[in-house]
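**Q** Structure for the following, please:
(2 chains)
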Amino acid sequence: MDYKELADIIFPNAKEISYYEEKYPERDLPEGAMVTRFAPSPTGFVHIGGLFGATVDRKMAQQTGGIFILRIEDTDQKREIENGVVQIVESLKDFDIIPDEGMTGENSEIGNYGPYKQSERKDIYQAYAKSLIAKGLAYPCFATTEELEEMRQKQEALKIRPGYYGKWAKYRNIPADIAAEKIKNGENYIIRMKSQGNENRKIRHHDLIKGNIDFPENDQDIVIIKSDGLPTYHFAHAIDDHLMHVTHVIRGDEWVSSIPLHLELFHLLEFKTPKYAHTAAIMKEENGGKRKISKRKDPEAAVSYYHEEGIPTDAVVEYLLNIANSNFENWRRTNQDKKIDDFQLELNKMSVSGAVFDLVKLLDISKNVISKYSAEKIYEETVVWAKRYDTELERLLKNDKEYAILVFNIERGNIKPRKDIAKWSDVKNSIIYMYDDEFDNMKEEYAFQKITNKEEIKTILKEYITSYYNKEDTKQIWFDKMKDLAEKLGYAREVKEYKQEPERYKGHVGDISTVLRVALTRRANTPDLYEIMQIIGEERIQKRFRKWF
RNA sequence: GGCCCCGUGGUCAAGCGGUUAAGACAUCGCCCUUUCACGGCGGAGACAUGGGUUCGAUUCCCGUCGGGGUCACCA
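**A** Numbers count the residues shown, from 1 in each chain, chains lettered A, B, ... in the order given. Modelled structure (predicted):
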């Protein structure tokens, strides 16, 4: 019996591989177009590292006029979770990452190179596995888990490289008829690749991010088809990326050590190898050292975190791009109004080692992003966020949209806009005193700074509202009047004057304005007082001041 | 442990044999017509370490130390 017959016994119904080769022809794309793919397992929410990879994938395809594919790697049913695919699709959509091809829902997809869910490509993998068996480049292995475990222990005791390779590969040279016999007897088996590699030979691989890396050749007879008939990651990677005509495999660098294996797989399958780009993982600082950011330990690892916090998605993407190419920041500074798509990302500028995730930096980027939004947009975005995470705030905003926009417009739109909102969850705290009911219910003390004497406070407020305040005043007049009041009550008109001769005054104009500010907002720090007073209006100012009369 | 990769201020990072070793965030000080924020100016702060090679090493080579990844019928 020859290998071809054995292959027929193992996969009697598999098609010829030429069928698939014809079904998925070369793509007709412009020169230099990159076909990339994000290929997660549906095991839960998208991880920040996954989003990072997907961002790079999408960007590279977009800027070269190529194709970005979303493929689902669900060959491990044990790890799968309910609605895993939808979660991935939705999470990506939140960050404006929409695949050109691939999964669009739990069971829906677009594109001519599908199916894009590996569990539905079983027949394809088997066809290729069959062709390998027929050529003597793969074989059934009947080793039990116990046997393999025993082998590993032996190898460990001998202090040699563990694994199923060379003379340790017990079924590597099993004659076809004996294999056929075992199969007929119902023995369990899996399919292994028959490695042609040699440990002592070196290969050099060029990675688009990491540069040249030298490895020993692979000589492990790795499993390609598991006992459930599904392929392992390695085999599926070779088949899928070949058939989908992926030109650039961009993936996390936990895969670099598998490069020799993947190279051999492509070689045995007679496929053209794609270019590889291995991205460094995003790290988390932990008592001095760093480790890969983890979904279990670090809340910021799950992309849902950014939604909950209300960090705009474009801020997150900008931060990720900043990690990807550090010149992004410079580009952004000189191209303030350009879209992210206009930035040219370069794989060879990506860092070789992992960056520690820096939330403070993200928030800084976010502040800048938000500072460019119009009041209208801030309103809309905050409402969307609040609807889900702060219904109290949602009520407040929806109750009077025009008023809310006036509030958001304070010190906005000028050349140096305020940058005090980094995330939508900051909004409530920064505007709450502009709402009467909430103002009245505020529990905190009035934090008057320098002037704490009740009588003095009363005098200042009363004097101001009765003799100085006029809602028609321009900002300049308003400001001059404040100085007049300061002078009248024995305070310096200018801070500088006060600093020169502090003994001459009770304080300075800043102390006066602070009293007004605190009485009006209960805050020592607020945006421009004049604008706040304009929005609150005379009647409500009177009301807030009168508490002190 | 084997194999592979990495090591510039607190963090992200330019740099590619000769530089006063950029820049951003954070931090500190000053200034910016009243606070805060913004902005401006300035300060402090780094080439892990030991050997080579070289007229000269942050840059090249080796060792040490440190960090990371990987060694499954998981991806």
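
**Q** For the stretch 301-450 of chain A, list the residues in contact with RNA strand B, please.
**A** A:322-323, A:326, A:329-330, A:349, A:351-356, A:358, A:360-361, A:364, A:367, A:411, A:416-420 (CB under 7 Å from any atom of the strand). For every residue, glycine as well, the C-beta is placed using N, CA and C.

**Q** ok, now which ones touch A:Leu406?
**A** By CB atoms under 8 Å, 6 or more residues apart in numbering, A:Leu406 lies in contact with A:375, A:535.

**Q** secondary structure element for it?
**A** helix A:401-408 (DSSP states H and E).

**Q** Name the residues of that helix that are buried.
**A** Residues A:404-405, A:407-408 are the ones in helix A:401-408 that count as buried (16 or more other CB atoms under 10 Å).

**Q** One more: stretch A:411-418?
**A** So stretch A:411-418, judged by 16+ other CB under 10 Å, has buried residues A:412, A:418.

**Q** Distance from the chain centre to stretch A:408-419, please.
**A** Here the centre of stretch A:408-419 is set off from its chain's centre by 28 Å, with CA atoms, centre = their mean, to the nearest Å.

**Q** outside of it, which residues touch it?
**A** For stretch A:408-419, the surrounding residues in contact (CB under 8 Å, 6+ apart) are A:367-368, A:370-372, A:374-375, A:378-379, A:431, A:527-528, A:531-532, A:535.

**Q** That one spans what distance, first to last residue?
**A** 12 Å (CA to CA, to the nearest Å).

**Q** Would you mind checking the average pLDDT for it?
**A** For stretch A:408-419, the mean pLDDT works out to 86.

**Q** May I see the buried residues of stretch A:166-173?
**A** For stretch A:166-173, by 16+ other CB under 10 Å, it's A:168-169, A:171-172.

**Q** Kindly report the same for stretch A:322-331.
**A** Taking 16+ other CB under 10 Å as the criterion, stretch A:322-331 shows A:322-325, A:328, A:331 as buried.

**Q** hmm, who's touching it?
**A** In this structure, residues lying in contact with stretch A:322-331 by CB under 8 Å, 6+ apart are A:52, A:55-56, A:282, A:318, A:321, A:343, A:345-346, A:349-351, A:355, A:361, A:365.

**Q** For PyMOL, write a command that selects the buried ones of the residues you listed.
**A** Filtering the contacts of stretch A:322-331 down to the buried ones (16+ other CB under 10 Å) takes a single PyMOL command:
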select buried, chain A and resi 52+55+56+282+318+321+343+345+350+355+365
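
**Q** Farthest pair within the contacts of stretch A:322-331?
**A** A:Glu346 and A:Lys361 (21.0 Å; CB to CB).

**Q** tally of neighbours for whichever residue of the stretch 51-200 of chain A sits closest to RNA strand B?
**A** Nearest residue of the stretch 51-200 of chain A to RNA strand B: A:Glu73, at 3.0 Å (CB to the nearest atom of the strand). A:Glu73: 18 surrounding residues under other CB atoms under 10 Å.

**Q** Can you list phi and psi of it for me?
**A** In terms of degrees, to the nearest 10, the main-chain angles of A:Glu73 are phi -100, psi 90.

**Q** can you pull the contacts of it?
**A** Taking CB under 8 Å, 6+ apart, we find A:Glu73 in contact with A:39-41, A:118, A:233, A:236.

**Q** at 6 Å what do you get?
**A** Residues near A:Glu73 by CB atoms under 6 Å, 6 or more residues apart in numbering: A:39, A:41, A:118.

**Q** which residues touch the first one?
**A** For A:Ala39, the contacting residues are A:71, A:73, taking CB under 6 Å, 6+ apart as the criterion.

**Q** What does the pLDDT read for it?
**A** The pLDDT attached to A:Ala39 in the predicted structure is 97.

**Q** before we move on, back to that, which one (most neighbours) among the contacts of stretch A:408-419?
**A** For the contacts of stretch A:408-419, neighbours tallied by other CB under 10 Å; top is A:Ile370, 27 neighbours.

**Q** Excluding chain neighbours, what is closest to it?
**A** Excluding the flanking residues, the one nearest A:Ile370 by CB to CB, 6 or more residues apart in numbering is A:Ile421, at 5.2 Å.

**Q** For burial, what's the neighbour tally of that neighbour?
**A** Counted by other CB under 10 Å, the residues lying close to A:Ile421 total 21.

**Q** quick one, strands of chain A?
**A** Counting by DSSP state E, chain A has strands at residues A:35-38, A:67-70, A:101-103, A:109-110, A:138-141, A:190-193, A:202-207, A:211-216, A:223-225, A:248-252, A:275-279, A:283-286, A:289-292.

**Q** check whether the second one contacts RNA strand B.
**A** Going back to what we said before, that points to strand A:67-70. No - if you take CB under 7 Å from any atom of the strand as the test, strand A:67-70 misses RNA strand B, and the best it gets is 13.1 Å.

**Q** same for that strand, what does it pack against?
**A** On a contact count with 3 or more CB pairs under 6 Å, 6 or more residues apart in numbering; DSSP states H and E, strand A:67-70 meets strand A:35-38, helix A:48-64, strand A:101-103.

**Q** could you check the angle strand A:248-252 makes with the longest one?
**A** Spelled out, it's helix A:48-64. Angle of helix A:48-64 versus strand A:248-252, following axes from the mean of the first three to the mean of the last three CA atoms, to 10 degrees, is 160 degrees.

**Q** which other helices and strands contact helix A:48-64?
**A** Applying 3+ CB pairs under 6 Å, 6+ apart, we find helix A:48-64 packed against strand A:35-38, strand A:67-70, helix A:313-324.

**Q** do the first one as well
**A** For strand A:35-38, the elements it packs on are helix A:48-64, strand A:67-70, judged by 3+ CB pairs under 6 Å, 6+ apart.

**Q** Just send those back as a markdown table, with distance to A:Lys483 and mean pLDDT too.
**A** Below are those laid out as a markdown table (distance: least, CB to CB, whole Å; pLDDT from 0 to 100):
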| stretch | distance to A:Lys483 | mean pLDDT |
| --- | --- | --- |
| helix A:48-64 | 52 | 96 |
| strand A:67-70 | 61 | 98 |
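
**Q** Could you say which of the ones you listed is packed most deeply?
**A** strand A:67-70 (a mean of 25; mean count of other CB atoms under 10 Å).
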